[in-house]
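Visitor: sequence below, structure please.
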Amino acid sequence: MDTENSNVKYEEKFIVSPRGVKLFSCRWGPTDTEPKALIFLCHGYGMECSISMRGCAARLVKAGYEVHGIDCEGHGKSSGLLGLITSFDDLVYDLSDHFTNISERKENRNKLRILMGESMGGAMVLRLHRKMPAFWDGAILVAPMCKIADEIKPSPVVITILIALARIIPTWKLTPTPDIIDVAFRDPQVRHEVRSNPYTYKGRPRLQTSYQLYSASIDLEQRLQEVSLPFIVLHGKEDKVTDPSVSKTLYETARAMDKTIKLYPGMWHSLSYGELPENLDIVYTDIVNWVDQRLSVRLEEQLKSANDKNALQSESAK
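Guide: Numbering: from 1, shown residues only. Purely as a prediction, here's the structure:
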């Protein structure tokens, strides 16, 4: 499929991962200019790319970037039982394979590689970075799932029971949580869109899914200091899904030298899709400015390298 709209070229196709899983992938890019950088989207739990991240992609393409998305197994148009995450590691492996293959194409080898993820997608970005620490050039972490907020997390006793049940009835929808759509998406129109989207998961979290997300968040919270790539972390102060205080801890403890944090008073969880229109403008301005700054740094480094090389050649010729 190939469509064009407002100078945005959109393509979609199904791929088969090395694990043999059929996955839906998509790409947005400028129709008449060479993209300045590659941005790889990692969607949140229960979400998908082609519909709910279309607005995000359009804004990024307008800023001059090429955007790639993929629906994880058990999400969107990809195969698997909707809403089921059997293994968080498997999802990270699928994304790593797809995104690195795109990055290593001849036409992309010199382009900046930026990972972007919201909520569960933010956790995936951090795991992708851990898998290949020197490969990615930067990360946009939108309300990353480094710790599930206490407001929606069951008590320790209930968690212990749910973990035991997950081994017996992994696909059952028994996790006691509030309606995540109600607490994640501030804009009522977006809440309606998410509920009307046939490719989003709306039921209670399946037991194995909850166990995998809980385990991934615990693992990340304990290893925040290992994050070494340039990153910007953005979090709404009124987030009731993932904990904004842990984003602050990430910023303070990560070993990365190039790091930025944006905490937005009054904003909720979904900053890339679910916020009020005027707040989306603020968030995307911050994101685009950050990526453009990384591009400027890259260009300065390339220019310095070229000048040093020319100076060395001139010296050798004398």
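Visitor: CA only for contacts and neighbour counts going forward, please
Guide: Fine.
Visitor: which helix in the chain runs the most residues?
Guide: In terms of residue count, the longest helix belonging to the chain (DSSP state H) is helix 277-317.
Visitor: check the offset of it from the chain's centre.
Guide: Chain-centre distance of helix 277-317: 23 Å, with C-alpha atoms, centre = their mean, to the nearest Å.
Visitor: any idea which helix or strand in this protein has the lowest mean pLDDT?
Guide: strand 2-5 (a mean of 47; mean pLDDT, DSSP states H and E).
Visitor: following that strand, which helix or strand comes up?
Guide: Where DSSP states H and E defines the elements, the next helix or strand beyond strand 2-5 is strand 8-16.
Visitor: centre-most residue in this protein?
Guide: Closest to where the C-alpha atoms of the chain average out (C-alpha atoms, centre = their mean) is Gly117, at 1.2 Å.
Visitor: tell me what that one is bridged to.
Guide: Cys42, Leu141 (DSSP bridges).
Visitor: my read: it touches Met145, true?
Guide: No - at 9.6 Å, Gly117 does not count as touching Met145 under the criterion of C-alpha atoms under 8 Å.
Visitor: shared neighbours, these two?
Guide: Ala123 (C-alpha atoms under 8 Å, 6 or more residues apart in numbering).
Visitor: on the pLDDT front, check Ala306 for me.
Guide: Looking at Ala306, its pLDDT is 69.
Visitor: buried sites along stretch 101-116?
Guide: By neighbour count on 16 or more other C-alpha atoms under 10 Å, the buried set for stretch 101-116 is 102-103, 111-116.
Visitor: on the three-state scheme, Ser50 is what?
Guide: Three-state assignment for Ser50 (DSSP: H, G, I helix; E, B strand; the rest coil): coil.
Visitor: tell me how far it lies from Cys26.
Guide: 7 Å (C-alpha to C-alpha, to the nearest Å).
Visitor: neighbour count for the two, which is higher?
Guide: For Ser50 and Cys26, the more surrounded residue by other C-alpha atoms under 10 Å is Ser50, and the numbers stand at 23 against 18.
Visitor: phi, psi of that one?
Guide: When quoted as degrees, to the nearest 10, the phi and psi of Ser50 stand at phi -70, psi -30.
Visitor: same check, this time on Leu112
Guide: phi -60, psi 140.
Visitor: ok, now which ones touch it?
Guide: 36-38, 137, 295.
Visitor: these in helices, which ones?
Guide: Leu295.
Visitor: and of the contacts of Leu112, the nearest to Arg206?
Guide: Leu38 (33.4 Å; C-alpha to C-alpha).
Visitor: bridging residues for the closest one?
Guide: With DSSP bridges as the rule, Leu38 is bridged to Glu66, Arg113.
Visitor: pLDDT averaged over stretch 14-26, what's the number?
Guide: In the prediction, stretch 14-26 has an average pLDDT of 97.
Visitor: show me how far that stretch is from its chain's centre.
Guide: 18 Å.
Visitor: ok, stretch 119-134 next?
Guide: 8 Å.
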